[in-house]
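Asks: I'll drop the sequence and a predicted model, then ask my questions.
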Amino acid sequence: MTVVKVIEVIAEGKNIEDAVNKAVAEACKTLHNLKQVNVEHIEALVENNKVVNYRIRTKISFVVDNSNK
């Protein structure tokens, strides 16, 4: 049986794609077998009437390694 876990990661970037890539890169530091990223929320950060960054809240799914059975 395959077990999948889901974690929440919040990341920020110059655009949405950059923020998603940063979320995945951060998750990959301690996890492996990542399978999916679901962007649940997007915010645009504004300074001086201009969008300066995007912040996203994601759910990242990964397969749990159960090879130690």
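Replies: That came in fine, so what should we check first? Keep in mind that this is a model prediction, so the values were computed, not measured.

Asks: Using the three-state scheme, assign the spatially closest residue to Ala44 that is not a sequence neighbour.
Replies: Closest residue to Ala44 apart from its sequence neighbours, by C-beta to C-beta, 6 or more residues apart in numbering: Val51 at 4.6 Å. C-betas here are computed from N, CA, C, even on glycine. Per DSSP: H, G, I helix; E, B strand; the rest coil, the secondary structure class of Val51 is strand.

Asks: What pLDDT is listed against Val51?
Replies: Turning to Val51, the model gives it a pLDDT of 97.

Asks: does it have beta-bridge partners, and which?
Replies: Beta-bridge pairing for Val51 (DSSP bridges): Val46.

Asks: so it sits right up against Ile42, yeah?
Replies: No: the pair Val51 / Ile42 is not scored as a contact, 11.3 Å apart, by C-beta atoms under 8 Å.

Asks: Check the burial of the closest residue to Val24 other than its chain neighbours by counting its neighbours.
Replies: Setting aside the residues directly before and after it, Val24 is nearest to Val37 in space (C-beta to C-beta, 6+ apart), at 6.1 Å. Residue neighbour count, defined by other C-beta atoms under 10 Å, stands at 17 for Val37.

Asks: Please name the residues that touch Val37.
Replies: 20, 23-24, 58-61 (C-beta atoms under 8 Å, 6 or more residues apart in numbering).

Asks: And for Val6?
Replies: Contacts here follow C-beta under 8 Å, 6+ apart; on that basis Val6 touches 59-61.

Asks: at 6 Å instead, please
Replies: 59, 61 (C-beta atoms under 6 Å, 6 or more residues apart in numbering).

Asks: can I get the CA coordinates of stretch 16-30 in PDB?
Replies: Presented in PDB, the C-alpha positions along stretch 16-30 are these (Å, rounded to 0.1, in the frame of the first residue of the first chain):
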ATOM      1  CA  ILE A  16       3.600  32.900  -8.900                       C
ATOM      2  CA  GLU A  17       5.800  30.400 -10.800                       C
ATOM      3  CA  ASP A  18       8.900  31.600  -8.800                       C
ATOM      4  CA  ALA A  19       7.000  31.200  -5.500                       C
ATOM      5  CA  VAL A  20       5.900  27.700  -6.500                       C
ATOM      6  CA  ASN A  21       9.400  26.700  -7.400                       C
ATOM      7  CA  LYS A  22      10.700  28.100  -4.000                       C
ATOM      8  CA  ALA A  23       8.000  26.100  -2.100                       C
ATOM      9  CA  VAL A  24       9.100  22.900  -3.900                       C
ATOM     10  CA  ALA A  25      12.800  23.600  -3.400                       C
ATOM     11  CA  GLU A  26      12.300  24.200   0.300                       C
ATOM     12  CA  ALA A  27      10.300  21.000   0.700                       C
ATOM     13  CA  CYS A  28      12.900  19.000  -1.300                       C
ATOM     14  CA  LYS A  29      15.500  19.900   1.300                       C
ATOM     15  CA  THR A  30      14.000  17.400   3.800                       C
END
